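S.K.: Provided below are the primary sequence and the corresponding predicted coordinates.
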Number of protein chains: 2
Amino acid sequence: MLDRRSGQALYRQLADTLRDRILAGDLPPGGELPSEGIIAKSYNISRDAVRQAIAVLRSEGLIVTVRGRRSSVRRQAPLEEVRAPAAARITARMPTSAERTHFDVPEGVPLLVVQFGETEELYAADRVVVCTPPPRKR
Amino acid sequence: MLDRRSGQALYRQLADTLRDRILAGDLPPGGELPSEGIIAKSYNISRDAVRQAIAVLRSEGLIVTVRGRRSSVRRQAPLEEVRAPAAARITARMPTSAERTHFDVPEGVPLLVVQFGETEELYAADRVVVCTPPPRKR
DNA sequence: AGTTATTTGTCCGTATGTATA
DNA sequence: ATATACATACGGACAAATAAC
């Protein structure tokens, strides 16, 4: 239950409990959360607080929200392996809104940036894993 | 200026214009945005809409917000190079709230995940770049 | 095909708390 | 201590997308 005098924000407490349920497998991938209104009523908090909690989990890449539908636990597709060249530099950053549309990634999913020489390649982190070359035989 | 009949949400339009100013270098790293109240007044929108726009940019890792202070453009520290072992798998994901505290990263900064064998190492993507081994001499 | 109900998205207002300057 | 500024929480209203029938 949520505690109004805990010093912790209500929406953070709610996000923590929902996250725990997701990571524990209580809410399986693809599973739907109750509607914002239902959650708000069941915890006696405003819909605004519920939306903030959901926004937290969405920005962590744990859930996905589509307008008109209840939020659902994000499904993780099998990752495609991409071979990194030698002497490459690999970083990650969040996409802008336009890049999110372009790469078709939901909120909370970073981009992998692979740089080598002049080139820079971008990959959606929910579909790609970058692999370093295997050790050389000799 | 913002257009109420454009079909685009006000806060998205505002986020786009602010992002453009940041990426164009108009607002330099470390530079402060006007306060939420000032922005709201200057665009004739609610403070709530301004906060949503700022939340967008924060989740993209472009700005940093500290309570009581105006938001500022995120500074990018020089990246420490970490050598990736051979046959490693490199992915990225967003940290949970607890991990954000543990790694001391602001919102909008992913974690780099380097897996090899049984081990899995995590790095804050705003401080570390992962490097693949250089080509072998022969 | 079309209508209704459900649900999330956007926008506004107000109030209060808490951190910073 | 005062002023400024962001954070939290509530409320209401309407729009827009989806789902159900």
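M.R.: Perfect, thanks for sending it.

S.K.: confirm residue A:101 sits in a helix?
M.R.: Yes: counting by DSSP: H, G, I helix; E, B strand; the rest coil, residue A:101 is found in a helix.

S.K.: what's around it, how many residues?
M.R.: 10 (other C-beta atoms under 10 Å in any protein chain shown). In short, each C-beta sits where N, CA and C put it, glycine included.

S.K.: can you check residue A:72 too?
M.R.: Here the neighbour count serves as a burial measure; for residue A:72 (other C-beta under 10 Å) it reads 17.

S.K.: with residue A:34 instead?
M.R.: Residues contacting residue A:34 under the criterion other C-beta under 10 Å number 13.

S.K.: same deal with the one 4 residues further on?
M.R.: Here the neighbour count serves as a burial measure; for residue A:38 (other C-beta under 10 Å) it reads 13.

S.K.: any idea how far it is from residue B:24?
M.R.: From residue A:38 over to residue B:24 the distance is 44 Å, taken as C-beta to C-beta, to the nearest Å.

S.K.: repeat for residue A:127
M.R.: Distance from residue A:127 to residue B:24, counting by C-beta to C-beta: 31 Å.

S.K.: more neighbours: which of these two?
M.R.: Applying other C-beta under 10 Å to residue A:127 and residue B:24 shows that residue A:127 carries more neighbours, namely 17 against 8.

S.K.: spatially central residue for chain A, please.
M.R.: Computing the C-alpha centroid of chain A and ranking residues by C-alpha atoms, centre = their mean puts residue A:61 first, at 0.7 Å.

S.K.: hang on, isn't it packed against residue B:96?
M.R.: No: with contacts counted by C-beta atoms under 8 Å, residue A:61 stays clear of residue B:96, the gap being 9.7 Å.

S.K.: tell me the strands beside the one helix or strand residue A:90 maps to, with direction?
M.R.: When secondary structure is defined using DSSP states H and E, the element that contains residue A:90 is strand A:89-93. Within its sheet, strand A:89-93 is paired with strand A:111-116 (antiparallel), strand B:128-131 (antiparallel), according to DSSP bridges.

S.K.: deepest-packed of these, please.
M.R.: Most buried of the strands paired with strand A:89-93, by mean neighbour count (mean count of other C-beta atoms under 10 Å in any protein chain shown): strand B:128-131, with a mean of 22.

S.K.: show me which residues of chain A are close to DNA strand C?
M.R.: Taking C-beta under 7 Å from any atom of the strand as the contact definition, chain A meets DNA strand C at A:7, A:33, A:35-38, A:48, A:51, A:54, A:65-71.

S.K.: which members of these are the farthest-apart pair?
M.R.: A:7 and A:68 (35.9 Å; C-beta to C-beta).

S.K.: neighbours around residue A:106, how many?
M.R.: Counted with other C-beta under 10 Å, residues neighbouring residue A:106 total 15.

S.K.: OK, contacts around it?
M.R.: Taking C-beta atoms under 8 Å, 6 or more residues apart in numbering or on different chains as the criterion, residue A:106 is in contact with A:58, A:61, A:64, A:74, A:100, A:126.

S.K.: pLDDT and distance to residue A:106 added to the residues you listed, as a markdown table?
M.R.: As requested, the contacts of residue A:106 are exported to a markdown table (pLDDT from 0 to 100; distance: C-beta to C-beta, whole Å):
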| residue | pLDDT | distance to residue A:106 |
| --- | --- | --- |
| A:58 | 98 | 8 |
| A:61 | 98 | 7 |
| A:64 | 98 | 5 |
| A:74 | 98 | 7 |
| A:100 | 97 | 8 |
| A:126 | 98 | 8 |
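
S.K.: shaky segments in chain A?
M.R.: Counting by pLDDT under 70, the ranges of chain A that qualify are A:136-138.

S.K.: quick one: the strands in chain A?
M.R.: A:63-64, A:72-73, A:80-83, A:89-93, A:111-116, A:119-124, A:128-131 (DSSP state E).

S.K.: what's in contact with the last one?
M.R.: By C-beta under 8 Å, 6+ apart, the residues outside strand A:128-131 that reach it are A:79-84, A:90, A:112, A:114, A:123, B:87-91.

S.K.: the first one now?
M.R.: For strand A:63-64, the external contacting residues (C-beta under 8 Å, 6+ apart) are A:22, A:33, A:54, A:57, A:58, A:71, A:72, A:73, A:74, A:106, A:107.

S.K.: fine by me, we can end here.
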